[in-house]
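**Student:** Here is my input; please provide its structure:
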Amino acid sequence: MRGLATRVLLLSLLMANAAGIPAPQETVDRIAARVENDIILLSDIRALSRYQQFLDGKSETEAQILDRLIDQWMVRTEADVSRFPPPSDAEIAMYRGSPTPPTRRLTAAWSVCGSPSRRRSNTRQGENRAG
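**Tutor:** Okay, the predicted model is just below:
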C-alpha cells in the first residue's frame with residue numbers, strides 16, 4: 001500500500017512538472033556577425049578575449065575583436081580563392097628552425113612573392129650599391 005502511494009505521488013509530480021511548469025531559459029550563445037555564409041559567434045569573441053587576457057594581461061573590446069575576426073575571415077577566404085601552391089619540402093625545412101614558423105599559406109605566398117627578409121636584404125644590397 002505504501003509503495004503504491006509513493007508511485008502515485010511520483011507520477012503526479014512528474015506529470016505536473018512536464019505539463020505546466022516551464023523551466024527557466026538561458027541564452028547559451030548568439031550570432032555576433034554574419035559574413036557571407038559563415039557566422040561568428042559571441043562565444044568565439046569571448047574565447048579570443050580570454051586568450052588575449054591570458055597572454056597580454058589585457059584584451060581588446062568585443063567590437064575590436066569582432067573586426068579582427070572579420071578581417072581574418074576575409075584574408076583566409078582570399079587565400080583559399082587564390083589557391084597558392086603548397087610549399088615544397090625544401091621550403092618547409094628552411095623555415096622549420098624559425099622560432100615562429102609561418103603558416104602553410106604564408107610560406108606559399110612567400111615562395112611566390114619572396115619573403116619580407118629577402119626583400120629587405122635585396123633593398124639593403126641595392127642601397128649599398130647605390131651608396
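**Student:** Now do the buried residues in the regular element (helix or strand) spanning Arg68.
**Tutor:** Using DSSP states H and E, Arg68 maps to helix 62-82. Under the neighbour-count criterion of 16 or more other CB atoms under 10 Å, helix 62-82 has Ile65, Leu66, Leu69, Ala79 buried. Quick note: C-beta positions are derived from backbone N, CA and C, even for glycine.
**Student:** Can you show me the helices along this structure?
**Tutor:** Using DSSP state H, the helices found in the chain span residues 2-20, 42-56, 62-82, 89-96, 104-113, 116-130.
**Student:** which stretches of the chain have low pLDDT?
**Tutor:** Residue ranges of the chain with pLDDT under 70: 1-2, 9, 13-23, 97-131.
**Student:** so what are the domain limits for it?
**Tutor:** The record's domain parsing of the chain by automatic domain parsing lists 28-83, 84-131.
**Student:** and the first one, how far apart are its ends?
**Tutor:** If I follow you right, that is domain 28-83. Domain 28-83 has an end-to-end distance of 37 Å (CA to CA, to the nearest Å).
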